[in-house]
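1. dropping the sequence and predicted coords here.
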Amino acid sequence: MIGRQNRDQLEFFVCGSLRDLVPDEHILARVDRVLDLGWLKDDVADLYAPGVGRPGIDPEAAVRLMLAGFLLGIVHDRRLMREAQVNLAIRWFAGFGLHERLPDHSSLTRIRHRWGAERFRRIFARTVTACMTAGIAKGEVVHVDASLIRADVAWESLAVRHVDAVTNANGDRTAETQEGQRKSRKTGKFKKVCLTDPDATMATSGRNRRLEPSYKQHGTVDDECGVILDVEVTTGEINEGQAILDRLDAVAVATGASIGTVTADAGYAYAKVFAGLEAREITGVIPTKAEPIRSKVPLRRFRYDAKHDLVKCPRGKILRPNKAKISHGRFFASKARDCKGCDLAPLCLSASRVTKSVVIVHDYPALLRARRRRDRWSEEDDRLYRRHRWRSEGFHGEAKTWHGLARAVRRGLGNMRIQAFLTAAAINLKRLAAALLATIFALIAQQIPRNELTRA
């Protein structure tokens, strides 16, 4: 006989906890076993006036609501609170009973503004410490990468920066500053700015892709189990090489361990990066960039003598540093009498020049050593670089696909940093919960006789 379910539920009684209705394998139930926010109330107590006004939302409940949203991929406050109204798992995870009124979505916004990004960084840092304590992160081998995050703005909010108008209004003071910007289609008066979110800058991840208003997340991932050790958000224009050394220093402070090896892609292959790694005694598994060949006699045929600070051309003539200054290196120039009559002069010199000039970047010897090391990569180096592609890049893909980091939820650098910290904290809690579950299974396996475990 076909059964019939009575859908007219006139009364609903729950005897016991909502936890009884949440499956043990649910992500929130698993994370709850490893989440400790007992310290949070004392940490934010200085932001609240005791005995004044109505009682605010419990800090732990607010953070649990936010974390539940990121764990479930519900990153917008309005949608999160609508889902929490009917989702028993979110209610239980945040500590709200069926009869209790949930806070308004705007309360979460005010909490973020009141606490600031650094408070949420501490929440993320606690997850790193917990992973280190559990032994699933060591901080000895790390993978570094950066990823663009599309800003929460519309194309209609972009405007063209009018360099000429600024120059005319301010006279000669800005003329020199803007002169270099006029020459590029990607800077200066041709580059658009965002009016609704000025912190987001125009950037792209490839030459064949258009510029978009973006932020950039710099992430450092541990090699052991993929724990995120550090995240930082900058504007989209910040180059990866400008941030890596500071991020490695932050990882060393957070973990209390000395980094032995770091992997990164060719976007970090700058002389100053290799020199910084050498100064910190860190082995860099970073593929060096192929030297751009803009001349028929390329720079690699000119040998730099670091001891005597001079450059020798392919014919053995000396190029010495001159007084011309650039931000990233120095000019070395030959003498006209040395180039006159040289058999390479028709190839080496342009039609209007009588001397040869080359630019040697700062820390150039470190770059040369990195290139030589790249040619002698061991099997272990190759293995680590392959792991980089799915450890570090996998983290960014996971954050964007499952946790809403493909696009900024709110505007402003501070809000973007909070989103990144909560996303990284949620992923670390997932890693920690999985490690705890694996430990429990291992203990159970040890207690069950081998023959019974085989039959099971």
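-> Great, that's in hand. Residues are numbered from 1 along each chain as shown.

2. mind listing the strands for this protein?
-> In the chain, the segments counted as strands under DSSP state E are 141-150, 158-160, 192-194, 201-203, 212-222, 228-235, 261-263, 283-285, 303-305, 310-312, 318-326, 329-333, 357-361.

3. out of the ones you listed, the one nearest residue 108 is which?
-> strand 228-235 (19.4 Å; C-beta to C-beta). C-beta: built from backbone N, CA, C; applies to glycine.

4. ok so, going back, if you average pLDDT over each of the strands of the chain, which comes out lowest?
-> Of all these, mean pLDDT reaches its minimum on strand 158-160 (a mean of 75).

5. same question for it: list its buried residues.
-> residue 158 (16 or more other C-beta atoms under 10 Å).

6. identify the residues contacting residue 379.
-> With C-beta atoms under 8 Å, 6 or more residues apart in numbering as the criterion, no residue contacts residue 379.

7. where in the stretch 301-450 of the chain is pLDDT low?
-> For the stretch 301-450 of the chain, the stretches with pLDDT under 70 are 448-450.

8. show me the contacts for residue 206.
-> Contacts of residue 206 by C-beta under 8 Å, 6+ apart: none found.

9. can you check the pLDDT for it?
-> So residue 206 comes in at 76 (pLDDT).

10. tell me how far it lies from residue 267.
-> Separation of residue 206 from residue 267 (C-beta to C-beta, to the nearest Å): 11 Å.

11. is it true that residue 103 touches residue 58?
-> No - between residue 103 and residue 58 there is no contact under C-beta atoms under 8 Å: 9.6 Å.

12. these two: which is more packed in?
-> Comparing residue 103 with residue 58 by other C-beta atoms under 10 Å, the one with more neighbours is residue 103, at 21 against 16.

13. please name the nearest non-neighbouring residue to the more buried one.
-> Nearest residue to residue 103, sequence neighbours excluded (C-beta to C-beta, 6 or more residues apart in numbering): residue 57, at 5.1 Å.

14. quick one, phi/psi of that neighbour?
-> Phi and psi for residue 57, reported as degrees, to the nearest 10, are phi -70, psi 140.

15. that one and residue 31, how far apart?
-> 20 Å.

16. more crowded one of the two?
-> residue 31 (20 against 17).

17. residue 203 - nearest residue in space that isn't next to it in sequence?
-> Residue nearest to residue 203 in three dimensions, not counting chain neighbours: residue 236, with 3.1 Å by C-beta to C-beta, 6+ apart.

18. looking at the chain, which helix is longest?
-> helix 413-447 (DSSP state H).

19. next, the angle from that one to strand 212-222.
-> Counting by axes from the mean of the first three to the mean of the last three C-alpha atoms, to 10 degrees, helix 413-447 lies at 30 degrees to strand 212-222.

20. buried residues in helix 413-447?
-> 413-433, 435-436.
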